[in-house]
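1. Here is my input, please return the structure:
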Amino acid sequence: MTLDWRTLLLQTVNVVILIWLLKKFFWQPVAGMIEQRRGAVLTQLNLAKAKQDAATAALAGIEQTRAGFAQERAAVLAAAQEEAGQLREAVLKNAAEAATALEVAAQARIAAAQQAGAAAWRAQAGQLALEIAAQLAARLDGAAVRSAFLDGLVKEIEALPPALRPAPEGGTLELCSATALSPEEQEACRQRLAAALADVSALSFTTDPALIAGLELHGANLLVRNSWRADLDRIQARLGHE
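-> Next comes the predicted model:
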């Protein structure tokens, strides 16, 4: 077997030309296309990464906003609960004050009613006592009753301190009775009063049915009462203080 160098040379030249042609018209365009495609892919990847970063940032913002909403909701609920508690306390306080005021007003009305009832009862009791005293006085012997009241009047005058007794010529004296005294009774009164007083020369006699029964001695600075009217007045006064 002989080696044909010419043929080997031609084939070598053909291979070199083929390689150059492939490099010139195939590998370089393909490499450019591949590089262009690679650049496009990198651009898309960068865009996708940027969008992912933006989405992540937006998600973080949303989470932060949600956390702020939760905090604000908790703060609003806490403020509402505090306001509701304060309002409840204010309502309870106002209700307690209103109840206390109603109780005080009710007690005042009850006390006023009791006082009015007591006053009405005292007035009725006093009126009834007056009627009873008037009926008793009508049934008793007038002269005997006046004599008994005269004894009591003289004793009250004698019990007065000397400074309170009217001085001689100290002015007029007036002896008041429920009914008119007879001349004999007037003279008896003068004699009895003369023993207790220094001067009865100016003694005069008057009548007042309101006394019911009894006698009263009136002077410029003197008042001695010994009558049923005076007794009833003292009883009503004591009832009024109870």
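
2. tell me the SS of the residue nearest the centre of the chain?
-> By Cα atoms, centre = their mean, the chain has its centre lying nearest to residue 97, at 3.8 Å. Classification of residue 97 using DSSP: H, G, I helix; E, B strand; the rest coil returns helix.

3. Distance check, it against residue 106.
-> Using Cβ to Cβ, to the nearest Å, we find residue 97 at a distance of 15 Å from residue 106. Backbone N, C-alpha and C define where each C-beta goes, glycine included.

4. could you pull out the strands for the chain?
-> Secondary structure of the chain (DSSP state E): strands located at 173-177, 203-207, 214-219, 222-227.

5. quick one, which of the ones you listed is packed in tightest?
-> Sort these by mean neighbour count, taking mean count of other Cβ atoms under 10 Å, and strand 214-219 sits at the top with a mean of 22.

6. and the lowest-mean-pLDDT helix or strand in the chain, what other elements does it pack with?
-> Of the helices and strands making up the chain, the lowest-confidence element is helix 228-241, at a mean of 75, by mean pLDDT, DSSP states H and E. Where contact means 3 or more Cβ pairs under 8 Å, 6 or more residues apart in numbering; DSSP states H and E, helix 228-241 is packed against helix 28-139, strand 214-219.

7. For it, which residues meet the burial criterion?
-> 228-232 (16 or more other Cβ atoms under 10 Å).

8. now stretch 180-200
-> Buried residues in stretch 180-200, counting neighbours by 16+ other Cβ under 10 Å, are found at 181, 185-186, 188-189, 192-193, 196-197, 200.

9. Quick one: these as CSV, columns for distance to residue 211 and pLDDT too.
-> Below are those laid out as CSV (distance: Cβ to Cβ, whole Å; pLDDT from 0 to 100):
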residue, distance to residue 211, pLDDT
181, 12, 89
185, 15, 90
186, 16, 90
188, 18, 89
189, 15, 89
192, 18, 89
193, 17, 86
196, 20, 82
197, 20, 80
200, 20, 78
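
10. ok now stretch 204-220, how far from the chain's centre?
-> With Cα atoms, centre = their mean, to the nearest Å as the basis, stretch 204-220 stands 55 Å off its chain's centre.

11. Output that stretch as CSV - backbone C-alpha positions only.
-> Taking C-alpha atoms only, stretch 204-220 is exported to CSV below (Å, rounded to 0.1, in the frame of the first residue of the first chain):
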residue,chain,number,x,y,z
SER,A,204,-110.6,96.9,137.0
PHE,A,205,-112.5,93.9,135.8
THR,A,206,-112.9,92.6,132.2
THR,A,207,-114.2,89.4,130.6
ASP,A,208,-112.7,87.1,127.8
PRO,A,209,-114.6,83.9,126.9
ALA,A,210,-111.4,82.5,125.4
LEU,A,211,-110.2,81.8,129.0
ILE,A,212,-112.9,79.1,129.2
ALA,A,213,-112.5,79.2,133.0
GLY,A,214,-110.2,80.9,135.4
LEU,A,215,-108.7,84.3,136.0
GLU,A,216,-105.8,86.4,134.7
LEU,A,217,-104.2,89.5,136.2
HIS,A,218,-102.8,92.0,133.7
GLY,A,219,-100.6,95.0,134.5
ALA,A,220,-98.1,97.3,132.9
